[in-house]
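Visitor: just a sequence and a predicted model for now, questions to come.
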Amino acid sequence: MSNLLSFMIETSEAGLSREEFFAAIENSDLTEAEQAVVRSGDINAISDLLGTQPKIVCCIVQPEPDEDEEQEEDETKKAANA
């Protein structure tokens, strides 16, 4: 397990205050780059260091028309044909 991952697990389980968390960062075995990223709170940069990928799902779904909309369309078609 990486130092960063171990640090993140240990500090999250410890329930540290903000000040205690930043002190833990300074006293950790993390590299300067890792410390800077953790201090920044940039979740994307932390994910990059941990080698994880964000869980993003994107899909487009065409909703089924409401019954009222179907009736309006039918009435519009009937009026156009009359």
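Guide: Yep, that arrived.

Visitor: how about the helices of the chain, start to end?
Guide: With DSSP state H as the criterion, the chain has helices at 3-14, 18-26, 32-40, 43-50, 67-81.

Visitor: and of the ones you listed, who's closest to Ile56?
Guide: Closest approach to Ile56 among those (CB to CB): helix 43-50, 11.4 Å. From N, CA and C alone the C-beta is placed, and that goes for glycine too.

Visitor: sorry, back to before: JSON lines please, covering the helices of the chain and showing distance to Val61.
Guide: What follows is the helices of the chain, written out as JSON lines (distance: least, CB to CB, whole Å):
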{"stretch": "helix 3-14", "distance to Val61": "36"}
{"stretch": "helix 18-26", "distance to Val61": "41"}
{"stretch": "helix 32-40", "distance to Val61": "36"}
{"stretch": "helix 43-50", "distance to Val61": "27"}
{"stretch": "helix 67-81", "distance to Val61": "16"}
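
Visitor: residues near the closest residue in space to Gln53 that isn't next to it in sequence, how many?
Guide: Nearest in space to Gln53, with sequence neighbours left out and distances taken as CB to CB, 6 or more residues apart in numbering, is Ser47 at 7.2 Å. Counted with other CB atoms under 10 Å, residues neighbouring Ser47 total 13.
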